[in-house]
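Colleague: here is the input, now give the coordinates:
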Amino acid sequence: MIKRQTSAKGFAILSAASVICKVLAFIYLPVQAMLVHDSGNGVISAGYKLYAFIYALTNAGLPVVISKFVSERAELGDYRGTRTVFRSAFLLMLSFGILSALFTYFAAGFLAGWCGMAEAKLMFLYIAPTFLFTSVSCALRGYFQGRHNMTPTAVSQIIEQIVNSLMTVLLEVLFFNYAQRLHKDAITYTAAGSALATVLSAAASAVFLSLMYFALRRQRRTECRRQNYTGPTITSASVYRRILKFSIPSIISCIAASAIDIIDTKSCIPLLLSGGFTSAQAYALFGIYSTKYQRLMTLAMLFAAPLVTSMMPSLAAAKARGDYRQFTHIVKEGYKLNFVVVMPIIAGLSFLAKPILTVIFVSQNSGSLMIVLGTWIALLMTTQTIQSGLLIALDKPLVAPATLLIGMAVKAVCNYTLIPFSAVNIYGALIGNAVAWIISDALNQHYIRGILRGRAGTGRYMLKPCFASLIMGGLSLGFYSAINYIAIHVYGHSIAANDLAVLLTIPFGAYVYFKIMLNIGGISANDLKKIPMGDKLSRLLLKHQPQE
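Modeller: Numbering: from 1, shown residues only. Coordinates of the predicted model:
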């Protein structure tokens, strides 16, 4: 039998991979910032936002849908059905990947012109083949996740990020130097180098997952040969119909989420220019918002996708059995775990915004106020991610995209109304983000409470993590300030002192937060074991815990 993991185990594996990937993702940012500064970051970020939008049209959300169908068939013992689901999904996604690659390549000039950044054309030409590899990876990840095995997904993500980080540094420097020697636009070629690194990393992930799938070929054949399922069989045609039924809402949801980036890419710079800012100022403000703020905010969202991915097979299995008590229990655990891990990250980023920016971007560290004011929006975004997965599991896939589209419409109004005011400027985009996610979350929760008869409330799970996070944030700021002061006087170098102080403050803050949570009953030792390195953390925290 193919190895099966629990939801908690799957979440821990995917969370650990997300942490590793996120750390690796920041490796190349200091190099990129030194090469092209905030204005160049704005161009590269705009290109990737359009790439992400096209990706959402063809890939995003589909692994969750595939895992749901695979998990349902496996729970019934229909292993031939799981094979049918995967083969049908693979062919469908590969077709989407080919179409996306062709469109991006031949429409590169149009895409660059649409976002108002001609420098991004070469980037789109280079990044087009990525879709061929991501379509393969998404289908394979969906299959493994549906079989309750998150390890291949986690390892493939780490491999992808390692290759991406290393190749981005190498290729951006090479392309930048090439442009300098030939007196060409450095931003254009640096962006192209970044795109080529993305292609190579996606290829590495697809190759690894393919090897993993073929390595289990004998086990799959054994399952099919010993199958004793006698219920209705599933056909490729029915798989296509079901995938389209669920994937279209899922893709719409991803498009709606990406719409924030598309709205900002299309509107922010023209609206800043209309507000009296120069072209250089507008590009720099957008670069700070799209690269520094949004990149750091992804740290707070680190665990939402792994949580939903690990929950989905268990939710689908519980629903297939008609076990709604277990279904509701999984939902509540998901909300609780989300708040427990997201809130301290938000607090840490808010209290230590400037020091963290300095660690990542060195002297290019402007934008801390934006981090302080806007990072809390990640709490709304992670809640919506869980709600979206829950609604898919409840066979209501259209609800989340519909509410998100409503929120995006309001977001666009906020952008066009607020950004032209010079006193508000790019912060108008933050306000629009907050309003959009509040609307979507409120509507989703109202609908979910109606289906589950009010048994999936979230409010009571927020209070203790919020209290512990605020205490942790204040103590961490004091700890950082003391270490930074001492280090400056010892080493005499402010950047090095800052980096050392931040690195020491992170484990200090984690210890303080979880210690407070244990003492106030916000988390149990069993809950701790569900997060990355939770076993070690549990032993450390409980070592000096007073015995009752």
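Colleague: got the contact list for residue 499?
Modeller: Residues in contact with residue 499, defined by Cβ atoms under 8 Å, 6 or more residues apart in numbering, are 358, 359. Just so you know, the C-beta spots here come from the backbone N, C-alpha and C atoms, and that holds for glycine as well.
Colleague: pLDDT score for it?
Modeller: pLDDT for residue 499: 86.
Colleague: how about whichever strand or helix holds it: buried residues?
Modeller: Assessed by DSSP states H and E, residue 499 sits inside helix 494-519. By neighbour count on 16 or more other Cβ atoms under 10 Å, the buried set for helix 494-519 is 497-502, 505, 509-510, 512-518.
Colleague: swap in stretch 215-222?
Modeller: Quick answer for stretch 215-222 (16+ other Cβ under 10 Å): 216, 220.
Colleague: and it, what's its mean pLDDT?
Modeller: Averaged across stretch 215-222, the pLDDT comes to 82.
Colleague: can I get the CA coordinates of that stretch in CSV?
Modeller: In CSV, the C-alpha atoms belonging to stretch 215-222 read as follows (Å, rounded to 0.1, in the frame of the first residue of the first chain):
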residue,chain,number,x,y,z
ALA,A,215,9.0,4.6,-8.6
LEU,A,216,5.6,3.6,-7.1
ARG,A,217,4.4,1.9,-10.3
ARG,A,218,4.6,-1.6,-8.9
GLN,A,219,2.6,-0.6,-5.8
ARG,A,220,-0.2,0.9,-7.9
ARG,A,221,-0.4,-2.2,-10.0
THR,A,222,-0.7,-4.4,-6.9
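Colleague: which residues are contacting stretch 188-198?
Modeller: 32, 35-36, 40, 43-44, 47, 51, 119-127, 130, 163-164, 167-168, 170-176, 178-179.
Colleague: weed out the non-buried ones from the residues you listed.
Modeller: For the contacts of stretch 188-198, a burial check counting by 16+ other Cβ under 10 Å picks out 32, 35-36, 40, 43-44, 47, 51, 119-127, 130, 163-164, 167-168, 171-173, 175-176, 179.
Colleague: so which of the residues you listed belong to helices?
Modeller: 32, 35-36, 40, 43-44, 47, 51, 121-127, 130, 163-164, 167-168, 171-173, 175-176, 179 (DSSP state H).
Colleague: can you list the helices and strands that the lengthiest helix in the chain packs against?
Modeller: Scanning the chain for the longest helix, with DSSP H as the assignment, gives helix 236-274. Packing partners of helix 236-274 (3 or more Cβ pairs under 8 Å, 6 or more residues apart in numbering; DSSP states H and E): helix 29-58, helix 62-75, helix 79-106, helix 279-287, helix 377-393, helix 399-418, helix 427-451.
Colleague: pull out the buried residues from the fourth one.
Modeller: Okay, so that is helix 279-287. Buried residues in helix 279-287 (16+ other Cβ under 10 Å): 281, 282, 283, 284, 285, 286, 287.
Colleague: any idea how far that helix is from the chain center?
Modeller: The chain centroid and the centroid of helix 279-287 are separated by 25 Å, computed with Cα atoms, centre = their mean, to the nearest Å.
Colleague: next one: stretch 70-89
Modeller: In terms of Cα atoms, centre = their mean, the centre of stretch 70-89 is set 27 Å apart from its chain centre.
Colleague: repeat that for stretch 184-204.
Modeller: For stretch 184-204, the distance to the chain centre is 21 Å (Cα atoms, centre = their mean).
Colleague: residue ranges with poor pLDDT in the stretch 351-500 of the chain?
Modeller: 363-364, 454-459 (pLDDT under 70).
Colleague: mind listing what residue 418 touches?
Modeller: Counting by Cβ under 8 Å, 6+ apart, residue 418 has contacts 424, 427, 428, 431, 432.
Colleague: at 10 Å instead, please
Modeller: Residues in contact with residue 418 (Cβ atoms under 10 Å, 6 or more residues apart in numbering) are 271, 275, 424, 425, 426, 427, 428, 429, 430, 431, 432.
Colleague: got these as a markdown table, with neighbour count and distance to residue 317 columns?
Modeller: Below are those laid out as a markdown table (neighbours: other Cβ atoms under 10 Å; distance: Cβ to Cβ, whole Å):
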| residue | neighbour count | distance to residue 317 |
| --- | --- | --- |
| 271 | 23 | 48 |
| 275 | 19 | 53 |
| 424 | 16 | 48 |
| 425 | 21 | 49 |
| 426 | 26 | 45 |
| 427 | 18 | 45 |
| 428 | 23 | 45 |
| 429 | 30 | 40 |
| 430 | 19 | 40 |
| 431 | 19 | 41 |
| 432 | 26 | 39 |
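Colleague: buried stuff in stretch 432-448?
Modeller: Buried residues in stretch 432-448 (16+ other Cβ under 10 Å): 432-437, 439-441, 443-445, 447-448.
Colleague: okay, those in CSV with distance to residue 101 next?
Modeller: Listed next are those as CSV, based on distance: Cβ to Cβ, whole Å:
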residue, distance to residue 101
432, 32
433, 31
434, 36
435, 36
436, 31
437, 32
439, 35
440, 31
441, 35
443, 36
444, 33
445, 38
447, 37
448, 37
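Colleague: farthest-apart pair in these, please.
Modeller: Maximum pairwise distance in the buried residues of stretch 432-448, criterion Cβ to Cβ, is 24.6 Å, between 432 and 448.
Colleague: hmm, back to that, so for residue 218, which of the helices and strands packed on helix 236-274 sits nearest?
Modeller: With Cβ to Cβ as the measure, helix 79-106 is the member of the helices and strands packed on helix 236-274 nearest residue 218 (13.3 Å).
Colleague: about what we covered before: quick one: mean pLDDT over the longest helix of the chain.
Modeller: Mean predicted confidence for helix 236-274 is 77.
Colleague: tell me the angle it makes with helix 427-451.
Modeller: Between helix 236-274 and helix 427-451, the angle comes out at 150 degrees (axes from the mean of the first three to the mean of the last three Cα atoms, to 10 degrees).
Colleague: ok now helix 236-274, how far from the chain's centre?
Modeller: With Cα atoms, centre = their mean, you get 15 Å for helix 236-274.
Colleague: in contact with the closest residue to residue 30 other than its chain neighbours, which residues?
Modeller: For residue 30, ignoring the flanking residues on the chain, the nearest one in space by Cβ to Cβ, 6 or more residues apart in numbering is residue 362 at 5.3 Å. Residue 362 makes contact with 29, 30, 31, 33, 34, 495, 498, 499 under the criterion Cβ under 10 Å, 6+ apart.
Colleague: now the buried residues of helix 279-287 in TSV, with pLDDT?
Modeller: Compiled in TSV, these are given as follows (pLDDT from 0 to 100):
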residue	pLDDT
281	84
282	85
283	80
284	82
285	86
286	83
287	81
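Colleague: closest to residue 324 out of those?
Modeller: For the buried residues of helix 279-287, the residue nearest residue 324 by Cβ to Cβ is residue 286; the value is 46.7 Å.
Colleague: surely the closest one meets residue 268?
Modeller: Yes: with contact defined as Cβ atoms under 10 Å, residue 286 counts as touching residue 268 (5.1 Å).
Colleague: so what sits against both of these two?
Modeller: 42, 46, 426, 429.
Colleague: for these, give me TSV that also has distance to residue 97.
Modeller: Below are the shared contacts of residue 286 and residue 268 laid out as TSV (distance: Cβ to Cβ, whole Å):
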residue	distance to residue 97
42	28
46	23
426	34
429	31
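Colleague: nice, that's everything, thank you.
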